[in-house]
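Visitor: just to be clear, the model below is a prediction. Sequence and coordinates:
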Amino acid sequence: MSFIDTLEFNFSNLEEEDEKVQKIVMGLPDIIRKKYFDDFLKGQKDPDTYVTLTWIIGLGFQHIYSKNYKLLFANIISTTFIIIQMICLVFNNEYFYLLFFLIAISFNLFDFIKSLFFSEKIIREYNLNLQYRLLNRYN
């Protein structure tokens, strides 16, 4: 799923994939199905926790929860740059690369809004990928 697909409120694609996975799971033998559901319950993520991490911390640590380390790294870099810019502004009363500062603030704001409003879709996609990984392991 691409980044643009994440920004859509349409869940029909994910629901179709989820139904397909459930049909495959119901065809598994009972012992393997029990292992599958045990592992899925241990590994699945909750959209409310993702939103809570977004609101409380606000520094991109919600990406640790969803195991999206590329966005976490980008968030840490942009937040560090914002902090450096603020320190330069307070102590030297000058802007240190104003364009990069605006880009970093825009990125953090956009990531915050995306994580907040599209958390359910992000986590449903994560859980669906987990289901496929588990099915590949048990098939």
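Guide: Alright, I've got the coordinates. Residues are numbered from 1 along each chain as shown.
Visitor: can you pull out the low-pLDDT segments for this structure?
Guide: 1-12, 57-58 (pLDDT under 70).
Visitor: all helices for it, in order.
Guide: Per DSSP state H, the chain carries helices over the ranges 3-6, 12-26, 30-43, 47-56, 62-65, 69-92, 98-117, 119-138.
Visitor: residues of the fifth one that come out buried?
Guide: In terms of neighbour count (16 or more other Cβ atoms under 10 Å), helix 62-65 has its buried residues at Gln62, His63, Tyr65. (Glycine included, C-beta is placed from N, CA and C.)
Visitor: one step back: point out the most buried one among the helices of the chain.
Guide: helix 62-65 (a mean of 20; mean count of other Cβ atoms under 10 Å).
Visitor: give me the contacts around it.
Guide: Contact partners of helix 62-65, identified using Cβ atoms under 8 Å, 6 or more residues apart in numbering, comprise Lys45, Thr49, Tyr50, Val51, Leu53, Thr54, Tyr69, Leu71, Leu72, Asn75, Ser115.
Visitor: tell me which of the residues you listed is nearest to Asn139?
Guide: Closest approach between the contacts of helix 62-65 and Asn139, by Cβ to Cβ: Lys45, at 22.8 Å.
Visitor: so who does Lys45 touch?
Guide: Tyr65, Ser66, Ile123, Tyr126, Asn127 are the contacts of Lys45 under Cβ under 8 Å, 6+ apart.
Visitor: so what's the spatially closest residue to Asp18 that is not a sequence neighbour up against?
Guide: In space, Asp18 comes closest to Leu128 once its chain neighbours are excluded; the distance is 6.2 Å by Cβ to Cβ, 6 or more residues apart in numbering. By Cβ under 8 Å, 6+ apart, the contact set of Leu128 is Leu14, Glu17, Asp18, Val21.
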